[in-house]
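Participant: Build the 3D model from these lines:
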Amino acid sequence: MANATPPVHTDHVVAAQPTESVSPGPDVQAPQETQPGVNAETKKKLWLGGIALLLFALVYWRNKKRWDKWRKARKAG
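Facilitator: Numbers count the residues shown, from 1 in each chain. Okay, the predicted model is just below:
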């Protein structure tokens, strides 16, 4: 004869258990680099950059004057 009651399942739920050996996280009190400010090498680079910019501006201005003069002479002639 057929069994009238459904079979009972006894499934066990397995949960993850914390272990004792937890890997350490990052150090919160890590040493910070000191801010040296503007040192001699930085000043030298700034001076060289400023001089290069000035020379570029002078060459650009000279070439613009030459080009304007050439264009004006070409238009007149």
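Participant: Tell me which helix or strand the most centrally placed residue in the chain sits in.
Facilitator: Centrality entry for the chain: nearest residue to the mean C-alpha point is Glu33, 18.2 Å, by Cα atoms, centre = their mean. Under DSSP states H and E, no helix or strand contains Glu33.
Participant: what's the spacing between it and Trp67?
Facilitator: According to Cβ to Cβ, to the nearest Å, Glu33 stands 50 Å off from Trp67. For the C-beta atoms, the positions are set from N, CA and C on the backbone; glycine is no exception.
Participant: Over to Leu55?
Facilitator: From Leu55 to Trp67 the distance is 18 Å (Cβ to Cβ).
Participant: what does Trp47 give?
Facilitator: In terms of Cβ to Cβ, Trp47 sits 30 Å off from Trp67.
Participant: again, but for Pro24
Facilitator: For Pro24, the distance to Trp67 equals 67 Å [Cβ to Cβ].
Participant: Thanks a lot, see you next time.
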